[in-house]
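I would like the atomic coordinates for the input below:
(one chain, ligands or ions: 1)
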Amino acid sequence: MNFVKYILLFLVFISCASKRGTIIAHRGASGYLPEHTLEGVAMAHSWNIDYIEPDIVMTKDNRLVVLHDIHLDTTTNVAAVFPNRKRSDGRFYAIDFKLDEIKKLKVHERIDLKTQKQYYPNRFMKEKKYFRVPTLSEFIEFVQGLNRTRSKKIGIYPEIKSPEFHKKEGKDITKKVVALLRAYGYDKEGQKIFIQCFYPPTLKRLKVEFKVKMPLVLLIADNSWNESSIDYDYYQTEEGLKEVSKYVEGVGPWMNQLYKVENDEGEKRIVKTNFVEWAHKHGLKVHPYTHRLDALPDGFRTSKELLDFMFGYLKIDGIFSDFADTVVNYYEGS
Ligand code: CA
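Just a heads-up that it's a prediction; the model follows:
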């Protein structure tokens, strides 16, 4: 088992008293309950984590809702409730619906539209539709309420979704998000928040035009996903990371951008890229996405192997996890 040997080599690099990394509950407790539901937020809040993530999109009547996609059809029953409201591409867009209409929908576990099967087969049953789409205000008040009753200070890690798409639809999502976060007191020193986005011009605008004090994180996609018009290869070079360090505090790479699996005469070998080293050299925190027990990235057989590599060897600063409780347990040894 040469593969094991290589993994063990990485373990040599783990420092004995490594500080706990930042643990971000990705889309709530999405490994256990449908993503972006208040029920999931309650579950995630019960863990000893640092942040809970809401993704944000805008409605037709300019309200901010917590939803991962600009579409409603992968996680709600919109097709059954409003069958005639799809666009010519067959998709149902949140931006075509008013908030009171979105509130009529039931949220379910994420499905693959083509097969109509749930994306992660062993997660919450997709047929069970107990849940609703929360607004960003409801999400924030829920977290703040739980912080109060549980004497905790769990932060929020909002993502501004698809600013280019929103702009094309005549909506300034960024302006709206800043106003709301300020109304809830997050744009002050010492608040527990990061704002994330896949689109560098939005992050620059937050710093230059809105002069936010809230720390910012650039998410780095793979160009093949067509996430935006940005060339993400550039942001995986030292030059790109240096440039971005002028206006953001951290980067959120895809985990697979931090290493390569090489095939060395039939043996698998994990080799790190220079990404984390370059990011740290330019003062950037590194919070990769996404740790999933039911979808470990290529080259890793267990969650522990992956976390040892990421935290112990690469020295990442934090991680997005669908199973954030297991990252807490990784540190607390249970
Ligand atoms: Ca996100």
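
element containing residue 23, please.
Secondary structure assigned from DSSP states H and E places residue 23 in strand 22-25.

Provide the strand pairings for that strand, with the direction of each partner.
Partner strands for strand 22-25, per DSSP bridges, with pairing direction: strand 51-52 (parallel), strand 318-321 (parallel).

could I get those as JSON lines with mean neighbour count and mean pLDDT?
Heads up, the C-betas are built off the backbone N, CA and C, glycines and all. Rendered in JSON lines, the data for those read as follows (neighbours: other CB atoms under 10 Å; pLDDT from 0 to 100):
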{"stretch": "strand 51-52", "mean neighbour count": "25", "mean pLDDT": "98"}
{"stretch": "strand 318-321", "mean neighbour count": "26", "mean pLDDT": "98"}
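
tell me the residues of the stretch 151-300 of the chain that contact the ion?
Contact residues, the stretch 151-300 of the chain versus the ion (CB under 5 Å from the ion): residue 159.

ranges for the helices of the stretch 151-300 of the chain?
Assigned by DSSP state H, counting those that start in this stretch, the stretch 151-300 of the chain shows helices spanning 163-168, 173-183, 200-208, 238-244, 275-281.

just put those helices in a markdown table and tack on mean neighbour count.
Putting the helices of the stretch 151-300 of the chain into a markdown table (neighbours: other CB atoms under 10 Å) gives the following:
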| stretch | mean neighbour count |
| --- | --- |
| helix 163-168 | 16 |
| helix 173-183 | 18 |
| helix 200-208 | 18 |
| helix 238-244 | 18 |
| helix 275-281 | 19 |
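
so can I have a markdown table of those showing mean pLDDT?
A markdown table is the format used below for the helices of the stretch 151-300 of the chain (pLDDT from 0 to 100):
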| stretch | mean pLDDT |
| --- | --- |
| helix 163-168 | 98 |
| helix 173-183 | 98 |
| helix 200-208 | 98 |
| helix 238-244 | 98 |
| helix 275-281 | 98 |
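
can you list the ones you listed in JSON lines and add distance to residue 332?
Written out in JSON lines, the entries for the helices of the stretch 151-300 of the chain read as follows (distance: least, CB to CB, whole Å):
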{"stretch": "helix 163-168", "distance to residue 332": "38"}
{"stretch": "helix 173-183", "distance to residue 332": "31"}
{"stretch": "helix 200-208", "distance to residue 332": "33"}
{"stretch": "helix 238-244", "distance to residue 332": "32"}
{"stretch": "helix 275-281", "distance to residue 332": "24"}
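
which one of these lies closest to residue 137?
Smallest distance to residue 137 across the helices of the stretch 151-300 of the chain (CB to CB): 6.8 Å, for helix 173-183.

can you list contacts of the closest one?
When contacts are defined by CB atoms under 8 Å, 6 or more residues apart in numbering, helix 173-183 is touched by residues 56-58, 62, 64, 136-137, 140, 158, 160-163, 166, 187, 193, 195, 202, 205-206, 210, 212, 214.

got a ChimeraX select line for the buried ones in the residues you listed?
What follows is the ChimeraX syntax for the buried subset of the contacts of helix 173-183, where burial is set by 16 or more other CB atoms under 10 Å:
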select :56,57,58,64,136,140,158,160,161,162,163,166,187,193,195,202,205,206,210,212,214
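
what about the residue of the stretch 1-150 of the chain found nearest the ion, distance to residue 178?
At 4.4 Å from the ion, residue 55 is the closest residue in the stretch 1-150 of the chain, using CB to the ion. The spacing between residue 55 and residue 178, counted by CB to CB, to the nearest Å, is 16 Å.

residue 300 now?
From residue 300 across to residue 178, the span is 38 Å (CB to CB).

repeat for residue 215
Look at residue 215 and residue 178: by CB to CB, they are 14 Å apart.

report whether the expected contact of residue 70 with residue 164 is present.
No - using CB atoms under 8 Å, residue 70 is not in contact with residue 164; the gap is 10.6 Å.
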